[in-house]
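Engineer: make a model of this:
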Amino acid sequence: MKFAHFSHVWGKPGMTPHDRYEQLWRELALCDDLGFDYAFCVEHHFRPDESWISSPSLFCVGAGARTTRLRIGPMGYIVPLYHPLRLVEEIAIVDQMLGGRMELGLVPGITADYFTPFGIDHAFRKSPTLEFVAYMRAAYGDTQPFSFHGENHHTDSAQISVQPMQKPHPDIWMQSRDPATLEFLAANGINTGYFIVVPRREVAPRYRTYIDNWNQAGWARRPRIGYSVPVYVDESDDAAIERGLARAARAYEGFLKPAQPGETFEQRAAEHAKMFIGRGEGGAATIMANLFNPQYLLDNNLVFVGSARTVAEKLHAAATEGLFNSFLGEFNFADLPEADLLRSIRLFGEQVIPQLRDFEPF
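Structural biologist: The predicted model follows:
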């Protein structure tokens with residue numbers, strides 16, 4: 001298995017953005033020392049009460065300046081928000097600045113709220129994202145200047161000044177559970193993954209098909225399948241539950257609508273749950289309805305909270321069930337104090353990773 005520090009770079013109580021970024025660099029420097037494999041961030045926009053990272057390239061360069069081993073990347077760039085030519089230029093420069101340590105996540109964009117202020121139609125996001133893979137490969141090809149004419153992207157005779165250090169480009173990730181998209185990813189050698197709200201048991205057969213298609217395509221390496229949930233490790237299960245469980249259940253408070261005057265967290269969570277109860281959307285709807293219920297998350301192994309031994313056992317069981325070989329742990333959430341945060345990362349790196357490093361679920 002491989003292991004990542006995954007961050008929404010949530011805004012933290014009592015911290016300025018500068019303070020929060022400085023804390024992030026301390027987290028990543030520790031991960032680098034402990035032998036983590038990756039560091040990933042999201043790209044979110046227009047919610048100052050939620051995530052404070054709208055520029056993944058700046059995350060990559062800032063993280064790269066403070067680490068020496070970690071492979072670093074967005075998870076991922078919201079492709080339709082960029083002109084494709086500008087994005088391929090930026091990716092290449094970031095990879096060079098990182099000395100070839102870039103991992104490249106691409107996403108179509110989960111919410112229309114990110115698109116409307118840019119004047120871009122959220123309904124037409126998937127096609128340009130998939131087509132960008134071919135565009136990028138043309139841009140980084142041997143023929144320069146390059147041209148590309150697709151359904152969404154059109155470029156005539158553009159000379160790329162800086163090519164990526166990795167050839168032909170950094171490894172690509174595109175998180176998806178959609179069967180048609182997974183078929184495309186396997187055919188193109190693109191890693192994938194999923195998130196806490198997707199039931200592992202329900203989607204495992206889709207990833208088994210993805211692996212089979214990957215092998216049939218003849219790729220020399222194994223695909224990476226990532227899985228992201230909150231994780232908190234402490235000296236004992238009791239200490240971890242006391243310090244980490246309630247906070248882990250508030251990790252995704254940013255998914256709720258902004259609080260109205262006088263509205264409590266519990267009221268906001270209850271309104272959120274109402275949107276999913278009875279929708280007939282299966283396991284994902286049930287998880288979303290219970291995303292802020294600490295006991296539900298613990299009982300269903302949807303957050304990994306406990307001692308190093310317990311967390312390793314939880315991870316092993318989840319990876320076996322959900323068929324993932326890369327864990328993208330969200331370590332910093334809610335109002336978790338920095339001393340607890342850094343202890344959790346250290347215990348994970350020193351005691352959890354060694355237990356699972358040689359484990360391969362497929």
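
Engineer: and stretch 260-268, C-alpha only, in PDB?
Structural biologist: Extracted C-alpha coordinates of stretch 260-268, given in PDB (Å, rounded to 0.1, in the frame of the first residue of the first chain):
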ATOM      1  CA  GLN A 260     -27.600  31.200   9.400                       C
ATOM      2  CA  PRO A 261     -27.600  33.500  12.400                       C
ATOM      3  CA  GLY A 262     -28.200  31.500  15.600                       C
ATOM      4  CA  GLU A 263     -28.200  28.200  13.700                       C
ATOM      5  CA  THR A 264     -26.300  25.400  15.500                       C
ATOM      6  CA  PHE A 265     -24.200  22.700  13.900                       C
ATOM      7  CA  GLU A 266     -26.700  20.100  15.000                       C
ATOM      8  CA  GLN A 267     -29.500  21.900  13.200                       C
ATOM      9  CA  ARG A 268     -27.500  22.200  10.100                       C
END
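
Engineer: could I get the buried residue list for that stretch?
Structural biologist: With burial defined by 16 or more other C-beta atoms under 10 Å, the residues of stretch 260-268 counted as buried are R268. The way it works is simple: take the backbone N, C-alpha and C, and place the C-beta from them, glycine included.

Engineer: tell me if I'm right that A187 and N213 touch.
Structural biologist: Yes. Using C-beta atoms under 8 Å, A187 makes contact with N213 at a distance of 6.8 Å.

Engineer: more neighbours, those two?
Structural biologist: Neighbour count, other C-beta atoms under 10 Å: between A187 and N213, N213 has more, with 17 against 13.

Engineer: hmm, the more buried one is touching N188, no?
Structural biologist: No. Using C-beta under 8 Å, N213 makes no contact with N188, being 10.5 Å away.

Engineer: can you pull out the strands in the stretch 51-200 of the chain?
Structural biologist: Along the stretch 51-200 of the chain, counting by DSSP state E, counting those that start in this stretch, strands occupy 71-74, 77-78, 104-107, 146-149, 154-158, 172-173, 192-195.

Engineer: pull the last one out as CSV, backbone CA atoms only.
Structural biologist: Only the C-alpha atoms of strand 192-195 are listed here, as CSV (Å, rounded to 0.1, in the frame of the first residue of the first chain):
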residue,chain,number,x,y,z
THR,A,192,-8.5,6.5,-9.8
GLY,A,193,-10.1,6.5,-6.3
TYR,A,194,-13.1,7.4,-4.2
PHE,A,195,-14.2,9.1,-1.1
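
Engineer: can you give the contact residues for it?
Structural biologist: 75, 173-177, 182, 185, 203, 207, 210, 223-229, 322, 324, 326, 328 (C-beta atoms under 8 Å, 6 or more residues apart in numbering).

Engineer: for that strand, which strands pair with it and how are they oriented?
Structural biologist: Strand pairing for strand 192-195, determined by DSSP bridges: strand 225-233 (parallel).

Engineer: same deal with the third one?
Structural biologist: Taking DSSP bridges as the criterion, strand 104-107 pairs within the sheet with strand 77-78 (parallel), strand 172-173 (parallel).

Engineer: next one: stretch 71-91 to chain centre, how far?
Structural biologist: Remark: stretch 71-91 is offset 14 Å from the chain centroid, using C-alpha atoms, centre = their mean, to the nearest Å.

Engineer: now do the same end-to-end measure for it.
Structural biologist: Stretch 71-91 has an end-to-end distance of 14 Å (criterion: C-alpha to C-alpha, to the nearest Å).

Engineer: any idea of the mean pLDDT for it?
Structural biologist: Averaged over stretch 71-91, pLDDT sits at 98.

Engineer: go on, stretch 17-25?
Structural biologist: For stretch 17-25, mean pLDDT is 98.

Engineer: next: stretch 256-272.
Structural biologist: For stretch 256-272, the mean per-residue pLDDT is 85.

Engineer: contacts for that stretch?
Structural biologist: By C-beta under 8 Å, 6+ apart, stretch 256-272 touches R47, D49, R250, E253, F255, M288, A289, L291, F292.

Engineer: dump those to CSV, plus distance to R66 and neighbour count.
Structural biologist: Converted to CSV, the contacts of stretch 256-272 look like this (distance: C-beta to C-beta, whole Å; neighbours: other C-beta atoms under 10 Å):
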residue, distance to R66, neighbour count
R47, 26, 16
D49, 27, 13
R250, 28, 20
E253, 27, 19
F255, 29, 16
M288, 35, 20
A289, 39, 21
L291, 32, 23
F292, 33, 23
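
Engineer: let me know the closest of those residues to R86.
Structural biologist: For these, the minimum distance to R86 (C-beta to C-beta) is 23.8 Å, reached by R47.

Engineer: reduced to three states, what does that closest one come out as?
Structural biologist: coil (DSSP: H, G, I helix; E, B strand; the rest coil).
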